[in-house]
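**Q** Structure for this input, please:
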Amino acid sequence: MANLNKVMLIGNLTRDPELRYTPKGTAVADIALAINRVWNNEQNQRQEETTFVDITLWGRQAELAQQYLTKGRGAYVEGRLQMDTWDDKQTGQKRSKLKVVAESLQFLPDGGARTGNAPAGGMMGGTARPPQQRPQGASAAPPDDFTEDDDIPF
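**A** Numbering: from 1, shown residues only. You can find the predicted model right below:
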């Protein structure tokens, strides 16, 4: 039987990233996203539900999150679910928590006033790098004088 462990989330940070380093020097950051779900019930009344998800970032992604993300900022995360288990020091009981280990991170606009030098967006994959910004007024669309050749053999 095939297995799949994939999570895709869009939400807003509930706190600033918490960066630390392992004894071997690898960066680790913990963030939490608030993800809202809005729907209309049977009486056509608007309902809203918020889910809070803890996320762990590793390596360069962790450092970039610490540098650019702040509480309230939007983010898109792709990753996998992981169950953490531990013994509660106060009660001695086994505890567990489901969290997301990020594999890629994209900064999203926060919709409000921006502060600092945070980039507008950018994909942070396994080889994370700061997002590239387009010059003012530049577009991803081809220029107006662009013509497409019809001699393409397929």
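
**Q** Every contact and neighbour count from this point should use C-alpha atoms.
**A** Noted.

**Q** Would you check how far apart the residue lying closest to Gln66 once chain neighbours are set aside and Ala65 are?
**A** Nearest non-adjacent residue to Gln66, counting by C-alpha to C-alpha, 6 or more residues apart in numbering: Pro17, 5.3 Å away. Counting by C-alpha to C-alpha, to the nearest Å, the gap from Pro17 to Ala65 is 7 Å.

**Q** Just give the number of residues close to the residue lying closest to Asn36 once chain neighbours are set aside.
**A** Nearest residue to Asn36, sequence neighbours excluded (C-alpha to C-alpha, 6+ apart): Thr50, at 4.5 Å. Thr50: 12 surrounding residues under other C-alpha atoms under 10 Å.

**Q** So what's the residue count around Ser96?
**A** Residues within reach of Ser96, counting by other C-alpha under 10 Å, total 12.

**Q** Identify the residue spatially nearest to it, adjacent ones excluded.
**A** Thr85 (4.2 Å).

**Q** I figured the one you found hits Arg95, correct?
**A** Yes: Thr85 lies in contact with Arg95 (C-alpha atoms under 8 Å); the separation is 5.5 Å.

**Q** Can you say which helix or strand has Glu63 in it?
**A** helix 59-68 (DSSP states H and E).

**Q** Any figure for the gap between Arg20 and Ala32?
**A** 15 Å.

**Q** out of the two, which sits in the more crowded spot?
**A** Ala32 (21 against 16).

**Q** Please report the distance of the closest residue to Glu78 other than its chain neighbours from Arg80.
**A** Ranked by C-alpha to C-alpha, 6+ apart and with sequence neighbours excluded, the top spatial neighbour of Glu78 is Met8, at 4.5 Å. Here Met8 is placed at a distance of 9 Å from Arg80 (C-alpha to C-alpha).

**Q** check contacts around Leu19.
**A** Leu19 makes contacts with Ala27, Val28, Ala29, Asp30, Ala62, Glu63, Gln66, as judged by C-alpha atoms under 8 Å, 6 or more residues apart in numbering.

**Q** contacting residues for the fifth one?
**A** Contact analysis of Ala62 by C-alpha under 8 Å, 6+ apart lists Leu19, Ala27, Val28, Ala29, Asp30.

**Q** From these, pick the one nearest Asn12.
**A** Asn12 lies nearest to Asp30 out of the contacts of Ala62, by C-alpha to C-alpha, at 13.8 Å.
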